[in-house]
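A.B. asks: Quick one, fold the following:
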Amino acid sequence: MIYVSMLLIFLPLVLITAITPYITRKTESFGITIPSDVYQHPTIAEYRKKYAFQSGLAGVLILVILGIAAGFTTDFLWTILYTVGIFVYILVAFIIYFQFHKKMKQLKEKENWKSKKKEVVAVDLSFYNKKLTYSNGWFLLPFIITVFSLLWTFWNYDRMPEKLPMHYTWDGVVTDWADKSYRTVLLFPFIQLFMLGLFVFINIIIARSKQQMDPANPEESIKQNIIFRRRWSLFIIISGTMMVLLFTLPQVSFVYPIDPFISFIITMVVVGVIVIGAGVLSIVTGQGGSRVNVTNRKTGEIMNRDDDRYWKLGVFYFNPDDPAVWVEKRFGSGWTNNFARPTSWIFLILILLIPILIAVFAS
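C.D. replies: Modelled structure (predicted):
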């Protein structure tokens, strides 16, 4: 049951990776800028099919290997193999992507679309005055949950055992204990605080990230982008609340023992719902709202300004002349940062450093 649950979490990753070319904007293909009206070009359509097949096949093969390994390894070793398998799949999928990225670049040079279109940068000056996300006030619920977790910890500190279970095997055997102290028991509430701050930060990024629109279809693309941002904002609020609530479980277990298997199942359900939800949202909405139905889509003699030179390998944005810190991904769904802006590096370092500091504090 445990192996099946973890493998089922792997499946959405494989699915969303395989269909990525179909959910990216129609003005980009494998990290390369294209006119929106050539999205259905036979060669580009063939590239999408081949990428989906190859990356999907790689994922299935890794899943089969992990499934076979489950019958011949210990729980601990299989968990390591599972983690390695995910990273191997991400690496293999990137290698496959990069091959099509190079082919796409060659096709663009061959077809010379830039000479047939006028490059335009379209901007809606009233864009940021629109309601792009749901209010951060909705995070009041996970904040209340976090405060309750903190207060509950202090109220019940004396009832907690002197030795606290910190890690279990799949069959419920405790493999790691920690001496009771305020630093130890506050580990999970601090994690909740960090996660709450992170989800609020992501919601702010969604609202303030650089706007992007198709100059050939300005009104439609703006509508799509607003829907895109609002849907992901709602998803972040719901998933953030679920994750904060989930981390109250180990805290409660310090006083009221909870069957480790039940805890694991609850965790898998919550994580599964979030992962599958993200996949469904990506498929239904598409990057920038590209899969949201709109009317009066036009073709014409204009295209987005070609800024391929700023996208390293088609996925890493590095433009020192762009004041934007956060931009939409070129390949995939969501946002990435402008690696040429020092501010983005500060945020990345903090996101990585804070969990480490929490772990050191609790140790």
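
A.B. asks: May I see the buried residues of whatever helix or strand residue 197 lives in?
C.D. replies: Mapping residue 197 onto the secondary structure by DSSP states H and E places it in helix 187-208. Using 16 or more other C-beta atoms under 10 Å as the test for burial, helix 187-208 gives 187-200, 202-203, 205-207. Where C-beta positions appear, they are placed from N, C-alpha and C, glycine not excepted.

A.B. asks: who's in contact with that helix?
C.D. replies: 128, 132-134, 136, 139, 142-143, 145-146, 149-150, 153, 229, 232-233, 236-237, 239-240, 243-244, 247-248, 250-251, 326, 335, 347, 351, 354-355, 358-359, 361-362 (C-beta atoms under 8 Å, 6 or more residues apart in numbering).

A.B. asks: Look at the residue lying closest to residue 36 once chain neighbours are set aside and report its pLDDT.
C.D. replies: Among residues not flanking residue 36 along the chain, residue 26 sits closest, at 4.5 Å (C-beta to C-beta, 6 or more residues apart in numbering). Among the per-residue scores, residue 26 holds a pLDDT of 86.

A.B. asks: now residue 26, what's its secondary structure?
C.D. replies: In three-state terms, and counting by DSSP: H, G, I helix; E, B strand; the rest coil, residue 26 is coil.

A.B. asks: sorry, back to before: let's see which of the contacts of helix 187-208 end up in strands.
C.D. replies: Secondary structure from DSSP state E places 326, 335 of the contacts of helix 187-208 in strands.

A.B. asks: you'd agree residue 348 is up against residue 338?
C.D. replies: No - at 11.4 Å, residue 348 and residue 338 do not qualify as touching, with contact defined as C-beta atoms under 8 Å.

A.B. asks: Compare those two and say which is more crowded by neighbours.
C.D. replies: The residue with more neighbours, out of residue 348 and residue 338 and counting by other C-beta atoms under 10 Å, is residue 338; that gives 21 against 12.

A.B. asks: Quick check: pLDDT value at the nearest residue to that one once chain neighbours are set aside.
C.D. replies: Closest residue to residue 338 in three dimensions, ignoring its sequence neighbours and counting by C-beta to C-beta, 6+ apart: residue 317, at 5.2 Å. The score at residue 317 is 93. That number is its pLDDT.

A.B. asks: Equivalent analysis for residue 39, please.
C.D. replies: The score at residue 39 is 88. That number is its pLDDT.

A.B. asks: residues in contact with it?
C.D. replies: Contact partners of residue 39, counting by C-beta under 8 Å, 6+ apart, are 26, 29.

A.B. asks: And residue 38, by the same measure?
C.D. replies: Neighbour list for residue 38: 44, 111, 113 [criterion: C-beta under 8 Å, 6+ apart].

A.B. asks: Quick one: low-confidence residue ranges for the protein.
C.D. replies: For the chain, residues meeting the criterion pLDDT under 70 lie at 1-6, 75, 116-117, 119-120, 166-176, 294-304.

A.B. asks: How is it divided into domains?
C.D. replies: Each domain of the chain is listed here as a residue range: 1-117, 139-294, per automatic domain parsing.

A.B. asks: between the contacts of residue 38, which has the most around it?
C.D. replies: residue 44 (21 neighbours).

A.B. asks: rewinding a little: is it true that the residue nearest to residue 338 touches residue 325?
C.D. replies: No - because the distance of 10.2 Å does not satisfy C-beta under 8 Å, residue 317 is recorded as not touching residue 325.

A.B. asks: what residues do the two have in common as contacts?
C.D. replies: Jointly contacting residue 317 and residue 325 under the rule C-beta under 8 Å, 6+ apart are 337-338.

A.B. asks: Neighbour count: these two, which is higher?
C.D. replies: Between residue 317 and residue 325, counting by other C-beta under 10 Å, residue 317 is the more crowded of the two (24 against 19).

A.B. asks: returning to what we had before: as a markdown table, the contacts of residue 38 with distance to residue 61 would be great.
C.D. replies: Putting the contacts of residue 38 into a markdown table (distance: C-beta to C-beta, whole Å) gives the following:
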| residue | distance to residue 61 |
| --- | --- |
| 44 | 26 |
| 111 | 34 |
| 113 | 36 |
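
A.B. asks: and the residues you listed, which of them are in strands?
C.D. replies: Checked against DSSP E, the contacts of residue 38 include nothing in strands.
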